[in-house]
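In: Here is my input, please return the structure:
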Amino acid sequence: PRLLCIRDIASFLLLTWMLFFSRLAKRTRLVFFGGLVGVAVLFSACFRFSQFSGNMMPIYEWRCAKHTLPTADGQARQPTYLPLAKLSFPQFLGPNRDCKVPGPGLATDWAAQPPEKLWRQPIGPAWSGFAIDGHRAVTQEQRDENEAVVCYDLQTGSVLWLHTDPAHYRTAIAGEGPRATPTIHNGMVYTLGATGTLNCLELTTGKPVWQRKTAEEFQFPEAFDGVGASPVNEGNLLIVMVGGQPNSTLVAFDKCTGKVAWQSAGRDTWQDKPSIGWPGEPLVRWRGNEKLASYSTPTLATIHGRRTLLSLTRQGLVSLDPKTGKVNFSRWFRARVNESVNAANPVVSGNRVFCSAAYYGVGSFLLDIAEDGKSFTEVWSTNERRKANRRLEPVLGIHWTTPILHDGHLYAFSGRDEPDAHFRCVELE
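Out: Sure thing, here's the model as predicted:
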């Protein structure tokens, strides 16, 4: 991207020189300028801007391009039963939300044992992953001006059912379509759209059970890149990163009825707390227009024998009682610049929790949670290490992906964008 930027600047300067300062004949310069205008008009007539890539390069598409997407035949069908479709991946990051999938090992030598393509199916634009239960694979996608929840037959790729809601989130930088991955539990599918539509649908038919318009029901400052954290289930509750002011960063809904069970975290959590890592660590002064939601899906774990909800919100890490929403403790953690996000999920190892972010060198930290669950001791952090060396680069600064914890080591992409991001293995302790 840097080389491309230099090339573009050099091209612009060369063009300026040629048109206005060169000794070429006036007629030649006019012909050249007219040719450039003609090329620009022709390009504009044939192509339209779609969005920016992750490297901030513009992406164009044909104006006449049409995307034909598969549809259901009007009636939900039973999926094909074959031994292949036994995978259970009912939520974001897998059965245990730890980026691991139990089951048979995969061949590592694809030259000797190449994977076999079973089917290929076009889908609408989105950032949502798949949740899988038995033979059903459910995802979210954008279909024209509607957000769609679509259930595919895992064996054949055919559409079993489709549910749509009128909503369309799209920006040049963040792209188009829903972000959050569905959650499947006890025959129900729970989805959260990019504009805040929360659905409960029957897994076998797609029939709506209940719906909440979180952007309308809560004081919901618009997020930078749309609503992105996936809903998680705990007992009879569905816990959602809503991001409502003043104290509805996290909201728990009854999974059967959609009624609010509790709402927590926000002004009362952060007011007068130190802004750890910021110059002078000033106390937080709540204004009431802060964005509260992040793109980090809440993590549930048993710590010191207690079920604990750990959520990396936009302001930082919050520990809560998942039954009541009562805050156990909080730890400020975010970049000083407003145009930044927290996105990686907290990672729990025993009684310790790890968090990381990429923007402007905010880095990482590891906390050891006290036995009462109400406080913590900081094991290490980028902030503390920088007190000895201000130029120290974070050992991990994770942008969007959640690291994999294996045998006491974290495996993750560190860095914000290419070419600065690298895959690293880091000792957790």
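
In: So Trp286 is in contact with Trp270, correct?
Out: Yes. With the criterion set as C-beta atoms under 8 Å, Trp286 and Trp270 qualify as a contacting pair; they are 6.7 Å apart. Using the backbone N, CA and C atoms, a C-beta is placed for each residue, glycine as well.

In: Compare those two and say which is more crowded by neighbours.
Out: For Trp286 against Trp270, the residue with the higher neighbour count under other C-beta atoms under 10 Å is Trp270, and the figures read 22 against 17.

In: what sits against that one?
Out: For Trp270, the contact set (C-beta atoms under 8 Å, 6 or more residues apart in numbering) comprises 284, 286, 315-316, 330, 332.

In: okay if I get those as JSON lines plus distance to Met241?
Out: Output for the contacts of Trp270, formatted as JSON lines (distance: C-beta to C-beta, whole Å):
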{"residue": "Val284", "distance to Met241": "20"}
{"residue": "Trp286", "distance to Met241": "19"}
{"residue": "Gln315", "distance to Met241": "12"}
{"residue": "Gly316", "distance to Met241": "14"}
{"residue": "Ser330", "distance to Met241": "15"}
{"residue": "Trp332", "distance to Met241": "18"}
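
In: Can I get these in JSON lines including pLDDT, secondary structure and distance to Pro208?
Out: Output for the contacts of Trp270, formatted as JSON lines (pLDDT from 0 to 100; DSSP: H, G, I helix; E, B strand; the rest coil; distance: C-beta to C-beta, whole Å):
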{"residue": "Val284", "pLDDT": "94", "secondary structure": "coil", "distance to Pro208": "40"}
{"residue": "Trp286", "pLDDT": "95", "secondary structure": "coil", "distance to Pro208": "37"}
{"residue": "Gln315", "pLDDT": "96", "secondary structure": "coil", "distance to Pro208": "34"}
{"residue": "Gly316", "pLDDT": "96", "secondary structure": "strand", "distance to Pro208": "35"}
{"residue": "Ser330", "pLDDT": "97", "secondary structure": "strand", "distance to Pro208": "36"}
{"residue": "Trp332", "pLDDT": "97", "secondary structure": "strand", "distance to Pro208": "39"}
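
In: Give me the pLDDT for the residue nearest to Glu371 when sequence neighbours are not counted.
Out: When the adjacent residues along the chain are set aside, Glu371 lies closest to His304, with 5.1 Å between them (C-beta to C-beta, 6 or more residues apart in numbering). On the pLDDT scale, His304 is placed at 97.

In: Does His304 touch Asn351 like I think?
Out: Yes. Judged on C-beta under 8 Å, His304 makes contact with Asn351 at a distance of 6.0 Å.

In: tell me which residues in the host helix or strand of Thr308 are buried?
Out: Secondary structure assigned from DSSP states H and E places Thr308 in strand 306-312. For strand 306-312, the buried set under the neighbour-count rule, 16 or more other C-beta atoms under 10 Å, comprises 308-312.

In: Tell me which strands the helix or strand that comes right after that strand pairs with, and in which orientation.
Out: Scanning forward in sequence from strand 306-312 by DSSP H and E, the next helix or strand is strand 316-320. The strands that strand 316-320 pairs with in its sheet are strand 306-312 (antiparallel), strand 327-332 (antiparallel) (by DSSP bridges).

In: Name the residues that touch strand 316-320?
Out: Contacts made with strand 316-320 from outside it, assessed by C-beta under 8 Å, 6+ apart, are listed as 249-250, 264-265, 269-270, 276, 308-311, 326-334, 342, 346, 353, 355, 367, 369, 373.
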